[in-house]
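Enquirer: The following comprises the amino acid sequence and a computationally predicted model.
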Amino acid sequence: MPIQIVRNDITKMKVDAIVNAANNSLLGGGGVDGAIHKAAGPKLLAECRTLSGCETGGAKITGAYKLPCKFVIHTVGPVWQGGGFGEREKLVSCYRRSLELAKKACCETVAFPLISSGVYGYPKDQALRVAVDTVSEFLSENDMTVYIVIFDKASYRIGEKLFKDIEEYIDDRYAEEHTDSVSERIRRMNAAPMPDFSKSIQYGDMAPMAAAAPSLADAVKQLDESFSEMLLRKIDERGMTDSQCYKKANIDRKLFSKIRSDRLYKPSKPTAIAFAIALELSLGETKELLMKAGFALSHSNKFDIIIEYFIEHGNYNIFEINEALFAFDQSLLGA
Ligand code: AR6
């Protein structure tokens with residue numbers, strides 16, 4: 001999956017490059033910077049001394065020494081001063097410059113911490129938004145897998161209002177699903193008595209129908225449109241290119257080629273939903289596409305209700321959906 005939000009210690013990530021949230025001196029500090037220098041060993045600091053620091057919004061690359069990655073990209077985020085001092089532009093520049101360096105060094109996998117969101121005080125939800133938007137914009141033109149590493153989930157939250165809205169939506173749907181409606185209760189109370197099995201059931205008039213039924217071999221040949229066929233049809237109907245679709249779905253190119261070339265391909269549920277989101281399908285169409293892959297959307301789990309929430313609100317931004325899924329401890333969309 002091209003962009004993934006994960007919870008981890010970035011010094012443990014086995015990727016081509018990890019990004020360090022450094023300061024202008026590049027000579028180490030606390031937070032993630034301290035953790036990276038500690039894990040890499042003193043040779044990292046020795047190399048950093050040769051770099052003559054770095055401006056805010058800029059990035060520089062070094063070796064990784066004892067870390068399990070190949071490179072460390074050091075970037076300097078802005079100090080939060082209330083948001084009116086070009087903080088966002090500088091933070092965007094941190095991600096862009098770091099990704100450009102990673103690309104130059106032929107990295108295929110890169111992991112970022114949430115730059116500026118610790119000591120530098122950038123609000124975490126806004127820092128995450130900038131990270132996801134800037135990385136996804138870069139990935140629309142470049143092939144790379146980028147991890148956004150969230151260290152401390154307790155202090156991380158999607159926008160307070162969105163979180164509350166989704167929480168309420170889930171509560172309502174759960175309540176609907178788990179509370180009997182009045183009509184259901186009445187139905188149960190008036191439930192018909194058990195059928196009398198002592199009277200034999202007549203199968204006689206079913207015989208001619210059975211004779212007219214197609215053979216099993218014929219029935220199996222008459223398969224409905226498959227998941228892959230419906231997906232490709234919808235892409236055409238929407239006037240999208242394949243790559244627009246799989247990028248918007250946050251699915252990697254290789255997986256998409258597999259689905260395209262195998263009409264009976266069975267995707268995972270998050271993959272199937274990711275395509276429904278990319279195609280901006282209505283709830284009904286989403287359910288139809290899911291059914292082709294053997295899945296359903298129900299009100300008995302949070303994952304499904306969150307998906308339904310976003311579709312009902314016409315919000316098809318897969319990255320926002322993934323942030324919300326992450327905040328509610330659900331698996332993410334994509335491959
Ligand atoms: N792995 C992943 N993320 C981490 C880790 C880790 N091991 N440790 C902390 N974080 P911060 P900044 C998260 O303060 O705000 C340094 O002293 C943390 O939860 O490290 O850009 C530098 O030298 C937070 O969300 O960086 C600078 O002086 C995020 O990393 C200054 O801090 C960034 O927190 C830079 O401040």
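Expert: Arrived safely, thanks for sending.

Enquirer: Can stretch 142-151 be said to contact the ligand?
Expert: Yes - residues of stretch 142-151 are located near the ligand by Cβ under 6 Å from any ligand atom, namely 149, 151. C-beta here means a position set from N, CA and C on the backbone, and glycine is covered the same way.

Enquirer: chain center to that stretch: distance?
Expert: Here stretch 142-151 is found 11 Å from its chain centre; the criterion is Cα atoms, centre = their mean, to the nearest Å.

Enquirer: Quick check: buried residues in that stretch?
Expert: 144, 145, 146, 147, 148, 149, 150, 151 (16 or more other Cβ atoms under 10 Å).

Enquirer: doesn't the fourth one fall inside a helix?
Expert: The one in question is residue 147. No - counting by DSSP: H, G, I helix; E, B strand; the rest coil, residue 147 is not part of a helix but strand.

Enquirer: ok, it - contacts?
Expert: Contact analysis of residue 147 by Cβ atoms under 8 Å, 6 or more residues apart in numbering lists 3, 4, 5, 6, 8, 13, 15, 109, 110, 111, 112.

Enquirer: Now residue 27: closest residue in space, sequence neighbours ignored.
Expert: Spatial nearest neighbour of residue 27, excluding adjacent residues (Cβ to Cβ, 6 or more residues apart in numbering): residue 48 at 6.1 Å.

Enquirer: For that neighbour, give me its contacts.
Expert: Contacts of residue 48 (Cβ under 8 Å, 6+ apart): 26, 27, 28, 62, 74.

Enquirer: next one: residue 76
Expert: Shown in contact with residue 76 (Cβ under 8 Å, 6+ apart): 21, 22, 23, 24, 26, 54, 55, 56, 57, 58, 59, 94.

Enquirer: Repeat that for residue 285.
Expert: 234, 276, 279.

Enquirer: hmm, back to that, what subset of the contacts of residue 147 is buried?
Expert: The neighbour-count criterion (16+ other Cβ under 10 Å) marks 3, 4, 5, 13, 15, 109, 110, 111, 112 among those as buried.

Enquirer: any idea which of the buried residues of stretch 142-151 is closest to the ligand?
Expert: residue 151 (3.2 Å; Cβ to the nearest ligand atom).

Enquirer: Ramachandran coordinates for the closest one?
Expert: The phi and psi torsions at residue 151 (degrees, to the nearest 10) take the values phi -90, psi -50.

Enquirer: cool, residue 289 as well?
Expert: Dihedral angles of residue 289 (phi, psi; degrees, to the nearest 10) stand at phi -60, psi -40.

Enquirer: same question, the one 10 residues further on
Expert: The phi and psi values for residue 299, taken as degrees, to the nearest 10, are phi -100, psi 10.

Enquirer: Residue 135 versus that one, what's the distance?
Expert: Using Cβ to Cβ, to the nearest Å, residue 299 is found at 33 Å from residue 135.

Enquirer: Break down this protein into its strands, ranges please.
Expert: Applying DSSP state E to the chain gives strands spanning 3-7, 17-22, 59-63, 71-76, 109-113, 145-150.

Enquirer: could you dump these to TSV with mean pLDDT and distance to residue 101?
Expert: TSV is the format used below for the strands of the chain (pLDDT from 0 to 100; distance: least, Cβ to Cβ, whole Å):
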stretch	mean pLDDT	distance to residue 101
strand 3-7	84	18
strand 17-22	98	8
strand 59-63	98	5
strand 71-76	98	5
strand 109-113	97	9
strand 145-150	92	13
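
Enquirer: Just send these back as a markdown table, with distance to residue 330 too.
Expert: Output for the strands of the chain, formatted as a markdown table (distance: least, Cβ to Cβ, whole Å):
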| stretch | distance to residue 330 |
| --- | --- |
| strand 3-7 | 12 |
| strand 17-22 | 26 |
| strand 59-63 | 33 |
| strand 71-76 | 30 |
| strand 109-113 | 21 |
| strand 145-150 | 14 |
